[in-house]
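A.B. asks: I need the structure of the sequence given here:
(one chain, ligands or ions: 1)
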Amino acid sequence: MAKIIRSQRASTSSVRSAPKKKAAKAATPQPKRAAKKVATKAAKKVVKPKPWTAEEVYEAFDRFRKANPEPKGELEHLNPYTLLVAVVLSAQATDAGVNKATRALFAIADTPEKMLELGEDKVRDYIKTIGLYRNKARNVIALSEKLIAEFGGEVPRTRAEIESLPGAGRKTANVVLNMAFGERTMAVDTHVFRVGNRTGLAPGKTPLEVELGLEKVIPTEFMLHAHHWLILHGRYTCLARGPRCDVCLINDLCRWPEKTV
Ligand code: SF4
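C.D. replies: Numbering: from 1, shown residues only. Got it, this is the predicted structure:
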């Protein structure tokens, strides 16, 4: 509303005093306008943090490793199939919320065949505490059908094949490849995205940019567990609101200008 009023005033006055203003414009520079232009330019300029050196990255992951040599994911599962289903259900939901629903579901349906036998309506009942449960129940049935029809009832081992399953995207494929098949993939969820950006380790506007950035800087020897170290770091230390910088293992290396240490 304020904008509209301002522009209305400006246009009224420009009509009334047009000749005067034109002369003034020609005779004098426009300091205010110039300053505004500079300020806008500065605001638009993205301040990039100083990139981490290879030694700093090694040091950070060495500290993570010493503190937690065998980090584990928190999504409960019994086999690659239930892991796949759990990850599909975890989109826009917490691991704790998914676990609460899947404990009972996986106790009676831990294979695609058993899931199909259970049927979409019953799957929906089991997972109705999870957001978007209708859509997710449909996907769980559809992906189970596809696994049986095209992959002999097994979870496939390539990214393209996993991504071809209903409800599964790049993050799902990365989690399954890493946790079920021991591949050095980097799944970027909301925590990893935040940590990658805040710390300056791998700034990026999209999860894919952060994923590729992290893969580029993290030494291979850490890649198997890097995804879990970063998730756990984001979930318990580098919190979205009120990061616990005082107890953070990498607070001396972190580039975030707003860190509290
Ligand atoms: S210092 Fe603070 S902002 Fe930086 S990684 Fe640690 S918790 Fe996050």
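
A.B. asks: residues near the residue in the stretch 1-150 of the chain positioned nearest to the ligand, how many?
C.D. replies: Residue nearest to the ligand within the stretch 1-150 of the chain (CB to the nearest ligand atom): residue 60, separated by 9.1 Å. Bear in mind the C-beta positions are built from the backbone N, C-alpha and C, glycine included. Neighbour count of residue 60, defined by other CB atoms under 10 Å: 24.

A.B. asks: Can you give me the pLDDT of it?
C.D. replies: We have a pLDDT of 98 for residue 60.

A.B. asks: Hmm, it is touching residue 250, no?
C.D. replies: Yes - in this structure, residue 60 is within contact of residue 250 by CB atoms under 8 Å, at 4.7 Å.

A.B. asks: what helix or strand does residue 73 sit in?
C.D. replies: Residue 73 is part of no helix or strand, with elements assigned from DSSP states H and E.

A.B. asks: give me phi/psi at residue 76?
C.D. replies: phi -70, psi 140 (degrees, to the nearest 10).

A.B. asks: I should have written residue 68 there, sorry.
C.D. replies: Torsion angles, degrees, to the nearest 10, at residue 68: phi -150, psi 80.

A.B. asks: show me the contacts for it.
C.D. replies: 229, 232 (CB atoms under 8 Å, 6 or more residues apart in numbering).

A.B. asks: Need the per-residue pLDDT for it.
C.D. replies: For residue 68, the pLDDT comes out at 98.

A.B. asks: measure it to residue 249 for me?
C.D. replies: According to CB to CB, to the nearest Å, residue 68 stands 10 Å off from residue 249.

A.B. asks: Could you check stretch 223-240 and say which residues are buried?
C.D. replies: 223, 225-235, 237-238 (16 or more other CB atoms under 10 Å).

A.B. asks: quick one: that stretch near the ligand?
C.D. replies: Yes - shown here: stretch 223-240 in contact with the ligand (CB under 6 Å from any ligand atom) through 237, 238.

A.B. asks: quick one: contacts of that stretch?
C.D. replies: Counting by CB under 8 Å, 6+ apart, 61, 64-65, 68, 70-73, 174-175, 178, 182, 184-187, 189-192, 194-196, 198-199, 214-215, 218, 222, 243-244, 247-250 sit against stretch 223-240.

A.B. asks: what is the mean pLDDT for that stretch?
C.D. replies: Here the average pLDDT along stretch 223-240 is 97.

A.B. asks: same deal with stretch 180-189?
C.D. replies: Mean predicted lDDT for stretch 180-189 stands at 97.

A.B. asks: what about it, how long is it end to end?
C.D. replies: 18 Å (CA to CA, to the nearest Å).

A.B. asks: Okay, buried residues for it please.
C.D. replies: 180, 184, 185, 186, 187, 188, 189.
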